[in-house]
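> any chance you can model this:
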Amino acid sequence: MGAGAALRRLWRHAGFRRLLTLRALSQSADGTVQVGMAAYLLFSPASQPDAWSIAAILAITFLPFTLLGPFVSPLLDTWSRRQVVVVSDLLRAALSVLVGALILVGATTSGWQVALFAGLLALLSINRFMLAGLTAGLQHVVDEDEYLTASSILPMVGPMGVVVGALLGMAARLGLAPWLGVDPANAVVFWVAAALFLGSVALGLGFRRDALGPVPGAARVRARQVGRELAVALQHLAGRPVAGLAIGVLFGVRMLFGLFSVAVILAFRNLLNDDPVAALADLTLWGTLAGVGFIGASAVVPPLVRRLGLRWSAVVVLVVAAVATGGALSGVRPLLLGLSVLVGLGTQCYKIAADTFVQAHVAEEFKGRAFTFYDMAFNGAFVLAAVVAAVLLPTTGIGPGVAPGLAAAWLLLAAVFWWASGRTGAAEFEKGTEDLLRR
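Model prediction:
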């Protein structure tokens, strides 16, 4: 069953339609915010970023929820996930307005700079919590045998939304800067994001309060119970080796994609361009092409799984990412742009597989906490990758040993997954794909 047929099958669920649209709109706002942040912090005429400055920005983006996630994850198994979505995006709309206002009035030095970075930190951290809630609520809007199908479609809209939002942000930034000036144009980018967040809030309010779970009557977790609840959730994951392996390998995948991303940013800013505006345009094009790969993963995974099974499909896409990474970091601009489609494709295909492994092997009462741990691995790996990149990569991003080293690491990750999944039991990795394999 191809992506179109899969989407038609899932489209009969009104809840899935609304969740799909909500995620697309919310992540469009994310893409707009990311362009605004990159334009202001990395691609202003006065900046000359190195890997450490990129690592700092990625830490602001991903580290807070990585550290705090375990302490708030039990809330996803007790609070209404619909309310989590609505309140999260309402807060993000307000923060986007605030950040834009600070940039507009030039309140970006001394104590005001602390406020600006605190706003960015909160804006991006809340996103991880909200997405974990949406993922945990997926099973409430599809049938049990549709996990793989839904897991292959839902992640498509995230990258698609980010790409659309990034293009909107870029159009606002480049189109308005000659008329308004750089800082007012940057402010408008954040206000566009605020409007998109409010659209997401309106969609979220269309769900019943309990439509995304948890099941009505679930006991609330008190503050003193958080540690115990987390220990129970970790014990549950430890007894499900398929889910544990999926999350562990996802950590490696995300780290390698993070190293690749930092290398690309440095190459466009410090090697391939002298003009920061041209560098930002190149980076937007690269993000769009990588996003095409992410979006295309939803069309690739179902037929690949029908032919090879989910376990072998995961191995194959990791090998594809290895080969594409080696070619992309050769220092040739067309190869860097073109092969990034395949790097994005391989990365997202594995994430779809990991989503399915976790959805199929984790009990509902633990899903909120499980997907928070999942997001922690996903985001923490990106921060660690940025730190490793700051230590190992040259200021130009591309140098001797970078391409073969990253390609070899991808191949090693594929080998580890193949070996460990074989020891666990290959058949266990096909659970959740029954709907697809019947067709």
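> where are the low-confidence patches of the chain?
Applying pLDDT under 70 to the chain picks out residues 1-6, 43-49, 65, 68-73, 108-110, 148, 152, 155, 216-226, 432-439.
> my guess is G338 meets A290, correct?
No - judged on C-beta atoms under 8 Å, G338 makes no contact with A290 at a distance of 10.9 Å. Yep, even glycine has a C-beta here, placed from its N, CA and C like the rest.
> which one's more surrounded, the two?
Neighbour totals were compared for G338 and A290, and A290 leads with 28 against 14 (other C-beta atoms under 10 Å).
> my read: that one touches V341, true?
Yes - with contacts counted by C-beta under 8 Å, A290 reaches V341, the gap being 6.8 Å.
> for the residue lying farthest from the centre of the chain, give its distance to G36.
Relative to the centre of the chain, the most outlying C-alpha is that of W179, 33.5 Å out, by C-alpha atoms, centre = their mean. For W179, the distance to G36 equals 17 Å [C-beta to C-beta, to the nearest Å].
> go on, Q27?
Q27 is 15 Å from G36, by C-beta to C-beta.
> likewise A238?
Applying C-beta to C-beta, the value for A238 to G36 is 41 Å.
> between these two, which one's more packed in?
Each of A238 and G36 has its neighbours counted (other C-beta under 10 Å); G36 has more, 30 against 10.
> what's the helix or strand for the more buried one?
With secondary structure defined by DSSP states H and E, G36 is part of helix 14-41.
> beyond that helix, next helix or strand please.
Remark: after helix 14-41, the chain's next helix or strand is helix 51-76, criterion DSSP H and E.
> tell me the helices and strands packed up against that following helix.
Other elements packing on helix 51-76 under the criterion 3 or more C-beta pairs under 8 Å, 6 or more residues apart in numbering; DSSP states H and E are helix 14-41, helix 110-136, helix 226-238, helix 241-270, helix 364-392.
> closest to F417 out of the ones you listed?
Of all these, helix 241-270 sits nearest to F417, with 4.9 Å by C-beta to C-beta.
> tell me, how many residues neighbour R18?
Using other C-beta under 10 Å as the criterion, the residues surrounding R18 number 17.
> so it sits against R208, correct?
No - the pair R18 / R208 is not scored as a contact, 10.7 Å apart, by C-beta under 8 Å.
> V301 touches A353, doesn't it?
Yes - the pair V301 / A353 is scored as a contact, 7.2 Å apart, by C-beta under 8 Å.
> check contacts around L120.
By C-beta atoms under 8 Å, 6 or more residues apart in numbering, the contact list for L120 reads M37, I60, T61, V99.
> how is the chain divided into domains?
Domains of the chain are assigned by the TED database as 15-221, 230-438.
> out of those, flag the one nearest R8.
Closest to R8 of the domains of the chain is domain 15-221 (C-beta to C-beta; 10.5 Å).
> and stretch 11-30, what's buried?
For stretch 11-30, burial by neighbour count (16 or more other C-beta atoms under 10 Å) applies to 13, 15-16, 18-30.
> double-check L176 against N186; I have them as touching.
No - L176 lies out of contact with N186 (C-beta under 8 Å); the separation is 9.2 Å.
> who has more neighbours out of these two?
Using other C-beta under 10 Å as the criterion, L176 and N186 rank with N186 on top: 26 against 17.
> within the helices and strands, which one has the more buried one?
With elements taken from DSSP H and E, the one containing N186 is helix 182-204.
> may I see the buried residues of that helix?
For helix 182-204, by 16+ other C-beta under 10 Å, it's 182-183, 185-194, 196-201, 203-204.
> format the CA atom coordinates belonging to that helix as CSV.
Provided in CSV are the C-alpha atoms of helix 182-204 (Å, rounded to 0.1, in the frame of the first residue of the first chain):
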residue,chain,number,x,y,z
VAL,A,182,17.0,43.7,9.2
ASP,A,183,15.7,43.8,12.8
PRO,A,184,12.1,44.7,12.0
ALA,A,185,12.1,42.0,9.3
ASN,A,186,13.3,39.5,11.9
ALA,A,187,10.6,40.6,14.2
VAL,A,188,7.9,40.0,11.6
VAL,A,189,9.1,36.5,11.1
PHE,A,190,8.3,35.7,14.8
TRP,A,191,4.9,37.4,14.5
VAL,A,192,4.1,35.2,11.5
ALA,A,193,5.0,32.2,13.7
ALA,A,194,2.6,33.5,16.4
ALA,A,195,-0.3,33.6,13.9
LEU,A,196,0.4,30.0,12.9
PHE,A,197,0.5,28.9,16.5
LEU,A,198,-2.9,30.5,17.1
GLY,A,199,-4.2,28.5,14.2
SER,A,200,-2.9,25.3,15.8
VAL,A,201,-4.7,26.3,19.1
ALA,A,202,-8.0,26.7,17.2
LEU,A,203,-7.6,23.2,15.7
GLY,A,204,-6.7,21.7,19.1
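> so how far is S80 from L19?
As judged by C-beta to C-beta, L19 and S80 stand 14 Å apart.
> ditto for G199
From G199 across to S80, the span is 20 Å (C-beta to C-beta).
> next one: W11
According to C-beta to C-beta, W11 and S80 sit 25 Å apart.
> now G309: closest residue in space, sequence neighbours ignored.
Using C-beta to C-beta, 6 or more residues apart in numbering and skipping the chain neighbours, the partner closest in space to G309 is E430 (5.7 Å).
> so the one you found touches S313, yeah?
No - the pair E430 / S313 is not scored as a contact, 10.3 Å apart, by C-beta under 8 Å.
> which one's more surrounded, these two?
Using other C-beta under 10 Å as the criterion, E430 and S313 rank with S313 on top: 24 against 17.
> thought that one was touching C349?
Yes - judged on C-beta under 8 Å, S313 makes contact with C349 at a distance of 7.2 Å.
> that's all I had, so thanks and see you.
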